[in-house]
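J.: Give me coordinates for this.
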Amino acid sequence: MHFKLCVTFVIGFVCVVAITSPILAEITPIPGDFGWKRGIPLHLIDNEAVQADLGLTRESAYKIQSLRKKIEESGLEKHLPELNELLSPEQQSRLHQIHLQQAKINALRDSAVEKELGLTAGQHQLILYLYKKEQRAEMDSVKAMYNPAKPAKSVNNAKAPANNGKVLSHEEKVLRVLRDEQQKAFETLKGKPLDPNGSLRSIVSVRVRHLAPRWRSGAELVRRGAP
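T.: Here you go, the predicted model:
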């Protein structure tokens, strides 16, 4: 009898795990610290658009990528002089801006960003509440996929407050927690948006400069009437 109970319990536990695991795997975790300004985000150098934004050559980008491996092994402090030779203070600051841009609205859950913007404890709690609410909505939506007989309530169908009938997105709701000056400061911290086509523009620019002398030579020949 005891053995049967144990077997029943194990089978039940396995079934619960099997059902809930795919659901939990699809739920976006609540973001937290992502390490803003706790080091130099050299992993961004792998992005060609970032290389173009920083004005790096392929050779210098390769050197930085190689240095990154050394830093991961023995720490930043030991290789800081070498890093400073490869990246100027302005380029390092720009990496922090791009790092913030990639985090998007989740950046507001980083403690360093909170401190920089001067978020209050009340704002911190409200932003956390909004993330938990968004996570619950995601969970209801995913559960509805596995249990279509009981569809979850759609967040988009919910009645919006007095806001010209518009349902605010999660990002808009979180941004509204910030005061006007905090929103402006947040945009300043992010800096100029990264151009995703920056690497392509850089290649085209180089090729145009390379071909320009040939075009001028050809035009000169035409002007002189050369055969």
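J.: Okay, Arg94 and Glu134: tell me how far apart.
T.: 30 Å (C-beta to C-beta, to the nearest Å). Yep, even glycine has a C-beta here, placed from its N, CA and C like the rest.
J.: just Gly191 next, same as before
T.: 27 Å.
J.: Between those two, tell me which one has more neighbours.
T.: With neighbours defined as other C-beta atoms under 10 Å, Gly191 and Glu134 compare such that Glu134 has more, 18 against 15.
J.: Give me the helices and strands touching the helix or strand containing that one, please.
T.: Per DSSP states H and E: Glu134 is located in helix 121-146. Taking 3 or more C-beta pairs under 8 Å, 6 or more residues apart in numbering; DSSP states H and E as contact, the helices and strands that helix 121-146 lies on are helix 2-25, helix 170-175.
J.: again, only using 6 Å
T.: In terms of contacts (3 or more C-beta pairs under 6 Å, 6 or more residues apart in numbering; DSSP states H and E), helix 121-146 is packed against helix 170-175.
J.: Now whichever helix or strand comes after the helix it packs on: buried residues?
T.: Moving toward the C-terminus from helix 170-175, the next helix or strand (DSSP H and E) is helix 180-190. By 16 or more other C-beta atoms under 10 Å, the buried positions in helix 180-190 come out as Gln182, Phe186, Leu189, Lys190.
J.: could you say which helix or strand contains the nearest residue to the third one once chain neighbours are set aside?
T.: Read it as Leu189. Nearest residue to Leu189, sequence neighbours excluded (C-beta to C-beta, 6 or more residues apart in numbering): Leu100, at 5.7 Å. Counting by DSSP H and E, the element that carries Leu100 is helix 89-103.
J.: now what about that helix, what contacts it?
T.: Defining contact as C-beta atoms under 6 Å, 6 or more residues apart in numbering, one finds that helix 89-103 is touched by Phe34, Lys37, Ile40, Pro41, Leu44, Val50, Leu54, Ala107, Leu189, Lys190, Gly191, Leu194.
J.: List only buried entries from the residues you listed.
T.: Of the contacts of helix 89-103, these count as buried by 16+ other C-beta under 10 Å: Phe34, Ile40, Pro41, Leu44, Val50, Leu54, Ala107, Leu189, Lys190, Leu194.
J.: so which of those comes closest to Lys143?
T.: Within the buried ones among the contacts of helix 89-103, proximity to Lys143 (C-beta to C-beta) peaks at Phe34, which comes in at 28.0 Å.
J.: Ramachandran coordinates for the closest one?
T.: With angles defined as degrees, to the nearest 10, Phe34 sits at phi -120, psi 10.
J.: Look at it and report its pLDDT.
T.: We have a pLDDT of 90 for Phe34.
J.: now the one 10 residues further on
T.: At Leu44, the predicted lDDT confidence score is 97.
J.: excluding its backbone neighbours, what's nearest it?
T.: Leaving aside its sequence neighbours, Leu44 sits nearest to Val50 (C-beta to C-beta, 6+ apart; 4.8 Å).
J.: and the host helix or strand of the one you found, what other elements does it pack with?
T.: Using DSSP H and E, Val50 sits within helix 48-54. Other helices and strands packing on helix 48-54, by 3+ C-beta pairs under 6 Å, 6+ apart, are helix 198-224.
J.: Kind regards, and thank you for your time.
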